[in-house]
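Novice: return atomic coordinates for the entry below.
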Amino acid sequence: MKASILKNYLTKVPHQTPTPNIFLTLLFSYYKEKIAFHEISFANRSKGINSINLFKIIRIGMIVIKDLKRVRFKIIHDNIINNR
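Specialist: Residues are numbered from 1 along each chain as shown. Prediction:
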């Protein structure tokens, strides 16, 4: 990934989002940038418990949904302004 391309899209990603990778993927797909997806696997947890509970996962999901709506609105708004 080239820094010049990434720089253009980072301004559209919400600053405090817990999942910037989702927003970058969304923007790259929407604007038809070259993307390569690679599968990543992790070993199963062998001991201990998961440190993040269901409430935290739901809260993060709600934040991401709100941020996605804002980014979608921003993309639509930018396209309307640029097409005038």
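
Novice: same question for the one helix or strand Ile65 maps to, mean pLDDT?
Specialist: Using DSSP states H and E, Ile65 sits within helix 54-82. Helix 54-82 shows a mean pLDDT of 83.

Novice: which strands and helices sit next to it?
Specialist: When contacts are defined as 3 or more C-beta pairs under 8 Å, 6 or more residues apart in numbering; DSSP states H and E, helix 54-82 packs onto helix 20-30. In short, each C-beta sits where N, CA and C put it, glycine included.

Novice: buried stuff in the helix it packs on?
Specialist: Buried residues in helix 20-30, defined by neighbour count with 16 or more other C-beta atoms under 10 Å: Phe23, Leu24, Leu26, Leu27, Phe28.

Novice: from these, pick the one nearest His77.
Specialist: Leu27 (14.3 Å; C-beta to C-beta).

Novice: which ones are touching that closest one?
Specialist: Contacts of Leu27 were listed using C-beta atoms under 8 Å, 6 or more residues apart in numbering, and they are Tyr9, Lys12, Val13, Glu33, Val71, Ile75.

Novice: would you turn the residues you listed into CSV with distance to Ile63 and neighbour count?
Specialist: Formatted as CSV, the contacts of Leu27 follow (distance: C-beta to C-beta, whole Å; neighbours: other C-beta atoms under 10 Å):
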residue, distance to Ile63, neighbour count
Tyr9, 20, 17
Lys12, 17, 17
Val13, 13, 17
Glu33, 25, 16
Val71, 12, 19
Ile75, 19, 15
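
Novice: measure the residue lying farthest from the centre of the chain to Leu54 for me?
Specialist: Largest separation from the mean C-alpha position in the chain: Lys47, at 30.4 Å (C-alpha atoms, centre = their mean). Distance, Lys47 to Leu54, using C-beta to C-beta, to the nearest Å: 21 Å.

Novice: repeat for Asp78
Specialist: 36 Å.
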